[in-house]
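>>> Next one to model:
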Amino acid sequence: MSLEIKLEEKHPDSYMVFLKGHLDHDTTQHFEREIQKLLRFKPRRVVINMSGVDYVSTAGIHAIFKLRERMKEGGGDISFFVLQHQVKAILKAVKKAPLENIFYTEEEADIFLRALEDTGKRLRPKKTDSDPPDPNL
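Numbers count the residues shown, from 1 in each chain. Presented below is the predicted three-dimensional model:
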C-alpha cells in the first residue's frame, strides 16, 4: 500500500499535512522525506490530517515521534485530527503517544491555527534556568 502526502500552508508558521494510505515500514521513508521539506520552513505548528490513514505500524509511530521531537526542538508542536478508530487505538496503546492535541474536524484545526495567528501568539520553547530573560515577555 502507498502513502499519499500533501503539504499545505494554512497560516504563517502553520502547516497541514494530509496523509492517505498506510504509514508503515514501506512508506515511512517517503513520509520523512516530505517532512524534511516542510521542516525547512521552520513551522511552529504542524497539524497532521490522518483521516485517510487506515493503518500505522511501529515504523510509522516512530516517524511521528521523530517529527514531534524535531518540532519541539525548534519550539513548535504537532497536532492531529480525524484519527481513524484503529489508528487512535494503536497510538493510545503506545506510552507517550502525542495525543494531547487532537482535533475532530479540519475546521476545528483551522480555527485554532487562525486564533494563534490573530493573537500573534507563537509557541516558544520552554524556558530553562540557564536561558537569559526574554525582553519581549
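>>> alpha carbons only for contacts and neighbour counts from here, please
Fine.
>>> show me where this structure has helices.
Remark: helices assigned in the chain by DSSP state H are 28-39, 58-73, 85-93, 106-119.
>>> what angle do the first one and helix 58-73 make?
Regarding helix 28-39 and helix 58-73, their directions subtend 20 degrees when assessed with axes from the mean of the first three to the mean of the last three CA atoms, to 10 degrees.
>>> buried ones in helix 28-39?
Residues of helix 28-39 classed as buried by neighbour count (16 or more other CA atoms under 10 Å): 28, 31-32, 35, 38.
>>> now those residues as a markdown table including pLDDT and distance to residue 18?
Converted to a markdown table, the buried residues of helix 28-39 look like this (pLDDT from 0 to 100; distance: CA to CA, whole Å):
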| residue | pLDDT | distance to residue 18 |
| --- | --- | --- |
| 28 | 95 | 14 |
| 31 | 95 | 11 |
| 32 | 94 | 14 |
| 35 | 92 | 11 |
| 38 | 90 | 12 |
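>>> Packing partners of the lengthiest strand in the chain?
Secondary structure of the chain read by DSSP state E shows that its longest strand is strand 45-56. Other elements packing on strand 45-56 under the criterion 3 or more CA pairs under 8 Å, 6 or more residues apart in numbering; DSSP states H and E are strand 14-23, strand 77-81, helix 85-93, helix 106-119.
>>> buried residues in stretch 68-82?
Buried residues in stretch 68-82, defined by neighbour count with 16+ other CA under 10 Å: 68, 71-72, 75-82.
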